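> Here is a sequence together with a model predicted from it:
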Amino acid sequence: MTPEDRTFAIDYYYENLLKNMGISYTEWINALEYFLFYEYCEWVFVGNKYNAQNSEFYKKYFPIAKQQAKNLKMIQNN
């Protein structure tokens, strides 16, 4: 998915599904950020559980999960 497609989808779902439910755009974005962290951490969990820290997925998603954790900390501090 291109960055433009991603932005379109995020905005589309908000405008057509969530806005009328009283959910703020900020709440929507925060929920997405936590969801992404969970998704990234799944690969880290699997790598740790099966002692597969050298796997392609672990190597890819461990640094992404760490960065996402930093992003979430910034969200909480604002």
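Structure received.
> And the next helix or strand past the one helix or strand residue 8 maps to?
Assigned by DSSP states H and E, residue 8 belongs to helix 3-13. Using DSSP H and E, the next helix or strand after helix 3-13 towards the C-terminus is helix 25-49.
> confidence score at the most far-flung residue of the chain relative to its centre?
Distance from the centre of the chain peaks at residue 51, with 24.0 Å (Cα atoms, centre = their mean). At residue 51, the pLDDT value in this model is 97.
> Residue 78 too?
Per-residue confidence (pLDDT) for residue 78: 77.
> Quick one: residues contacting the residue minimising distance to the centre of the chain.
Nearest to the mean C-alpha position of the chain, by Cα atoms, centre = their mean, lies residue 36 at 1.7 Å. Residue 36 sits next to residue 68 when contact means Cβ atoms under 8 Å, 6 or more residues apart in numbering. (C-beta placed from N, C-alpha, C; glycine too.)
> and what of residue 10?
Residue 10 makes contact with 28-29, 32, according to Cβ under 8 Å, 6+ apart.
> Tell me the one among those nearest to residue 6.
Closest to residue 6 out of the contacts of residue 10 is residue 32 (10.0 Å), distances taken as Cβ to Cβ.
> so how far is residue 21 from the residue lying closest to that closest one once chain neighbours are set aside?
Spatially, and ignoring its direct neighbours in sequence, residue 32 is nearest to residue 10 (6.9 Å; Cβ to Cβ, 6 or more residues apart in numbering). In this view, residue 10 and residue 21 are 16 Å apart by Cβ to Cβ, to the nearest Å.
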